[in-house]
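Student: mind folding the following:
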Amino acid sequence: MTVLLVAGSPSEKSRSAALLDAVQQRLHQRGAHVERLQIRDLSPQALILADFGNRSISHAIGRVAAADVLVVATPVYKAAYSGVLKVFLDLLPQTALEGKTVLPLATGGSPHHMLALDYALRPVLQSLGAKQILPGIYATDSQVTLTPEGTYQVSDEIGVRLDAAVNTLITETLRPVLTPAHQLTSVPFSQVRCSV
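Tutor: Sure, this is the predicted structure:
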């Protein structure tokens with residue numbers, strides 16, 4: 001099964017990208033196959049003009065179709081997810097997320113915008129047919145801090161929440177399907193033996 005990390009920030013280095021990095025590291029430790037899609041690397045003109053014939057756009061849409069799980073990360077601007085992410089989601093077919101599990105992640109300057117996950121992003125993900133949308137994780141600037149080396153570091157509190165989210169992805173979505181040889185078989189009641 002494939003997990004596609006979708007980076008919805010217009011910046012190369014960002015707090016939302018740091019959340020994706022943290023999820024990617026945790027998934028790799030658990031043996032999951034992870035790929036990354038940077039929306040900012042797609043053709044800007046093709047995104048704005050909805051040019052489905054553009055190779056970068058068609059390839060990105062194909063990667064979404066091939067993934068079993070999506071982790072979508074975005075900064076919150078003006079109480080909504082990024083415009084870059086919005087333009088990309090608008091290009092996806094109406095059933096693009098059908099049968100898929102999605103973990104939404106967002107970052108913002110203050111806790112006042114945390115509901116953007118539930119009131120702005122979640123309805124769009126649902127309209128695209130997501131089978132399951134896990135509880136989103138929102139981090140403020142104080143929870144994803146810039147280090148002196150110029151990288152972002154996720155706080156312990158957010159790390160614990162990311163651990164729980166990745167555990168849910170692994171145990172509920174990515175766990176291997178039992179083969180018939182491992183499935184339990186029925187036992188007639190007459191064969192049940194019990195000792196007390």
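
Student: quick one: mean pLDDT for stretch 84-95?
Tutor: Across stretch 84-95, pLDDT averages out at 96.

Student: which parts of it are buried?
Tutor: 84-89, 91-92 (16 or more other C-beta atoms under 10 Å). For glycine as for every other residue, the C-beta is placed from the backbone atoms N, C-alpha and C.

Student: which SSE is immediately downstream of the helix or strand where Leu125 lies?
Tutor: Per DSSP states H and E, Leu125 falls inside helix 122-127. Following helix 122-127 in sequence order, the next helix or strand is strand 132-133 (DSSP H and E).

Student: can you tell me what sits against that next one?
Tutor: 101-104, 122, 125-126, 172-173 (C-beta atoms under 8 Å, 6 or more residues apart in numbering).

Student: okay, the buried residues of stretch 84-95 in a markdown table with secondary structure and distance to Gln143 next?
Tutor: Shown next, in a markdown table, are the buried residues of stretch 84-95 (DSSP: H, G, I helix; E, B strand; the rest coil; distance: C-beta to C-beta, whole Å):
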| residue | secondary structure | distance to Gln143 |
| --- | --- | --- |
| Val84 | helix | 22 |
| Leu85 | helix | 20 |
| Lys86 | helix | 24 |
| Val87 | helix | 27 |
| Phe88 | helix | 26 |
| Leu89 | helix | 25 |
| Leu91 | helix | 31 |
| Leu92 | coil | 30 |
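
Student: which of the residues you listed lies closest to Leu42?
Tutor: Nearest to Leu42 among those is Phe88, at 7.2 Å by C-beta to C-beta.

Student: show me the contacts for that closest one.
Tutor: For Phe88, counting by C-beta under 8 Å, 6+ apart, the contacting residues are 6, 8, 39, 42, 47, 60.
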